[in-house]
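Participant: give the three-dimensional model of this entry:
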Amino acid sequence: MVDLDGKVALVTGASRGIGAATARLLAQAGAKVGVMARSTDAVTALAEEIGGVAMSGDVADPAAMVCAVTTLHDKFGRIDVLINNAGLIGPIAGIDASDPDEWGKAIDVNIKGVFNGIHAALPHMRKAGAGTILTVGSGAAHAPQEGWSAYCSSKAGALMLTRAVDLEARKDGIRAISLSPGTVATDMQAAIRDSGVNPVSQLDWSVHIPPEWPARALLWMCGPEADEYLGAEISLRDEGIRRRVGLID
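Facilitator: Numbering: from 1, shown residues only. All right, here's what the predicted structure looks like:
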């Protein structure tokens, strides 16, 4: 396990699924963890469980991200890790059948939310001369899926943000990497299954990995073994990656 003793991390979308599993694992690795989501009750309970800091807010709101980062930095004097995990799958519909407001909301969370987190954390990391920015991406960034125009477009944009921050800030000690976790047994995957749209919704539930797997990958990505992937995306579908992370023998 990567040692994060004395480090400070912020996890967005931490109320459940990958975000909650990641927050728990980072805390086990020694980090002080800020957990952020729109659900106040969920992040409060999680923060109490792991000895972290609960922050209620929407990543699509730039001021909320600045507040979350500032709260952690003021409390602990540093911000070492940002996990951009918050994301929306909807609207699951054809382009001409999609509600423009719902489509725009996915962009606000999946792209603008990632930008807002990076924009808030980067000045502190640059001043410290070090920092890790990890974004939960998707294979949808690389290939269109029927009914997922907002999700695919936004995940492609989020991957480009990883590449952009690497280009601009690697020289300042900033590590930026994206993780494509594959299909994960979460509420989002349940919504995909219920939609019946595209081949992903037809997958048997047994093939989806548990959220603890991408959590372990994200922890591994906090360490130097992942440095060869700076500015790129790691796919958890890759058996070689699963082996390096310690998920399979």
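Participant: what's the neighbour count on Thr135?
Facilitator: Thr135 has 27 neighbours, counted by other C-beta atoms under 10 Å. To be clear about C-beta, it is placed using only N, CA and C from the backbone, and glycine gets the same treatment.
Participant: grab the most central residue of this protein for me.
Facilitator: Against the mean C-alpha coordinate of the chain, by C-alpha atoms, centre = their mean, the closest residue is Asn85 at 2.2 Å.
Participant: hang on, isn't that residue packed against Leu10?
Facilitator: No. With contact defined as C-beta atoms under 8 Å, Asn85 does not reach Leu10; the gap is 10.0 Å.
Participant: ok, now which ones touch Met1?
Facilitator: Contacts for Met1 (C-beta atoms under 8 Å, 6 or more residues apart in numbering) come out as Gln28, Ala29, Leu219.
Participant: for Thr44, same thing?
Facilitator: Ala54.
Participant: so what pLDDT did the residue nearest to the centre of the chain get?
Facilitator: Asn85 carries a pLDDT value of 97.
Participant: can you check Thr162 too?
Facilitator: 98.
Participant: do the same with the one 3 residues further on
Facilitator: Looking at Val165, its pLDDT reads 98.
Participant: could you list every residue that touches the residue nearest to it when sequence neighbours are not counted?
Facilitator: Among residues not flanking Val165 along the chain, Ala176 sits closest, at 4.5 Å (C-beta to C-beta, 6 or more residues apart in numbering). By C-beta under 8 Å, 6+ apart, the residues touching Ala176 are Thr132, Ile133, Leu134, Thr135, Thr162, Arg163, Val165, Asp166, Ala169, Arg170, Leu230, Gly231.
Participant: quick one: the fifth one from Asp101, how far?
Facilitator: With distances defined as C-beta to C-beta, to the nearest Å, the gap from Thr162 to Asp101 amounts to 27 Å.
Participant: so between these two, which is more surrounded?
Facilitator: Relative neighbour count places Thr162 above the other of Thr162 and Asp101, with 25 against 8, counting by other C-beta under 10 Å.
Participant: all helices of the protein, in order?
Facilitator: Counting by DSSP state H, residue ranges of the helices within the chain are 17-28, 40-50, 62-76, 100-107, 113-128, 149-169, 187-195, 212-221, 239-245.
Participant: hey, least reliable of the ones you listed by pLDDT?
Facilitator: Across the helices of the chain, the lowest-scoring stretch is helix 187-195, with a mean of 65.
Participant: burial count for Arg244?
Facilitator: Based on other C-beta under 10 Å, the number of other residues close to Arg244 is 15.
Participant: and for Pro224?
Facilitator: 8.
Participant: ok, now the one 10 residues further on?
Facilitator: For Ile234, the number of neighbouring residues by other C-beta under 10 Å comes to 24.
Participant: ok so, going back, which of the helices of the chain sits closest to Pro181?
Facilitator: Closest to Pro181 of the helices of the chain is helix 212-221 (C-beta to C-beta; 3.8 Å).
Participant: chain center to that closest one: distance?
Facilitator: 11 Å (C-alpha atoms, centre = their mean, to the nearest Å).
Participant: and stretch 130-148, by the same measure?
Facilitator: For stretch 130-148, the distance to the chain centre is 9 Å (C-alpha atoms, centre = their mean).
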